[in-house]
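J.: kindly return the folded structure for what I paste below:
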Amino acid sequence: MKSHLLAIMNRLNRLVESGDPKETYNFERDGEVMATVSYNSEDEVFSIRYPKQKDAAQFDDIDLVAIEIYDMIY
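T.: Numbers count the residues shown, from 1 in each chain. The predicted structure follows:
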């Protein structure tokens, strides 16, 4: 059985490791982008943009980001 949460965590960890603030990941459900995530290494903050809501949220905890994404796409 494949863990969806582990896959999300792996993608978020790659953002942290890259250190490039321009790098983003789109998280999709049924081909529709539900959230776009980026990581600011200077502030150590994840930014989540919600295309449908045109809002953004910031998180300083990778676990909270993963839970937020998981709740949106599963």
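J.: which stretches in this structure count as helices?
T.: 4-18, 62-73 (DSSP state H).
J.: tilt between the shortest one and helix 4-18?
T.: So the one you mean is helix 62-73. 130 degrees (axes from the mean of the first three to the mean of the last three Cα atoms, to 10 degrees).
J.: buried residues in helix 62-73?
T.: Using 16 or more other Cβ atoms under 10 Å as the test for burial, helix 62-73 gives Ile62, Val65, Ala66, Glu68, Ile69. For the C-beta atoms, the positions are set from N, CA and C on the backbone; glycine is no exception.
J.: would you mind giving these as CSV with pLDDT and distance to Met1 added?
T.: Listed next are the buried residues of helix 62-73 as CSV, based on pLDDT from 0 to 100; distance: Cβ to Cβ, whole Å:
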residue, pLDDT, distance to Met1
Ile62, 96, 23
Val65, 96, 23
Ala66, 97, 18
Glu68, 94, 23
Ile69, 96, 19
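J.: with distance to Asn13 as added columns, please give those in JSON lines.
T.: Output for the buried residues of helix 62-73, formatted as JSON lines (distance: Cβ to Cβ, whole Å):
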{"residue": "Ile62", "distance to Asn13": "7"}
{"residue": "Val65", "distance to Asn13": "11"}
{"residue": "Ala66", "distance to Asn13": "10"}
{"residue": "Glu68", "distance to Asn13": "16"}
{"residue": "Ile69", "distance to Asn13": "13"}
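J.: JSON lines for the helices of the chain, including distance to Asn40?
T.: Converted to JSON lines, those look like this (distance: least, Cβ to Cβ, whole Å):
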{"stretch": "helix 4-18", "distance to Asn40": "10"}
{"stretch": "helix 62-73", "distance to Asn40": "12"}
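J.: can you tell which of these is closest to Glu42?
T.: For the helices of the chain, proximity to Glu42 was assessed by Cβ to Cβ; helix 4-18 is nearest, at 12.4 Å.
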